[in-house]
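> Quick one, structure for this:
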Amino acid sequence: MTIRSRRETITFKHPVRIRGIERQLPAGGYEVVTDEEMIEGLSFASWRRIATMITVPSEGVHGATELLSIGSVDLADAQAADAQIANASAVP
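Residues are numbered from 1 along each chain as shown. Now for the predicted structure:
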């Protein structure tokens, strides 16, 4: 089984809540790591997401971070909610 990790930085313009994380996260940039495994037996390369994690500021320890497992749908929902707030505030 072949596994790969993809890293990307996402930015929230407003404080955000992500389902599965007990606290509100401040606006800012967050590193997201997505692990995927190759689906074997196909005539073309195809990957399946097996884990999504986000690096967040640690609670109670200044300057420390922690890597938390989250659902990819929950992350997408949080990004959509952040974009909706930005769009609503841009309307005159």
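> ok, which stretches of the protein are strands?
3-12, 28-38, 47-57, 65-70 (DSSP state E).
> Which secondary structure elements does the third one sit against?
Contacts of strand 47-57 with other secondary structure elements, assessed using 3 or more C-beta pairs under 8 Å, 6 or more residues apart in numbering; DSSP states H and E, are made with strand 28-38, strand 65-70, helix 72-90. Backbone N, C-alpha and C define where each C-beta goes, glycine included.
> likewise the second one?
Packed against strand 28-38, as judged by 3+ C-beta pairs under 8 Å, 6+ apart, are the following elements: strand 3-12, strand 47-57.
> Go through those strands and pick out the most buried.
Mean neighbours per residue, mean count of other C-beta atoms under 10 Å, is largest over the helices and strands packed on strand 28-38 for strand 47-57, with a mean of 16.
> Would you mind getting the angle between that strand and strand 3-12?
For strand 47-57 against strand 3-12, the angle by axes from the mean of the first three to the mean of the last three C-alpha atoms, to 10 degrees is 50 degrees.
> Give me the mean pLDDT for strand 47-57.
Strand 47-57 shows a mean pLDDT of 95.
> highest average neighbour count across the helices and strands packed on strand 47-57?
Among the helices and strands packed on strand 47-57, strand 28-38 has the highest mean neighbour count (mean count of other C-beta under 10 Å), at a mean of 15.
> what comes into contact with that one?
1-12, 45-56, 67, 72, 75 (C-beta atoms under 8 Å, 6 or more residues apart in numbering).
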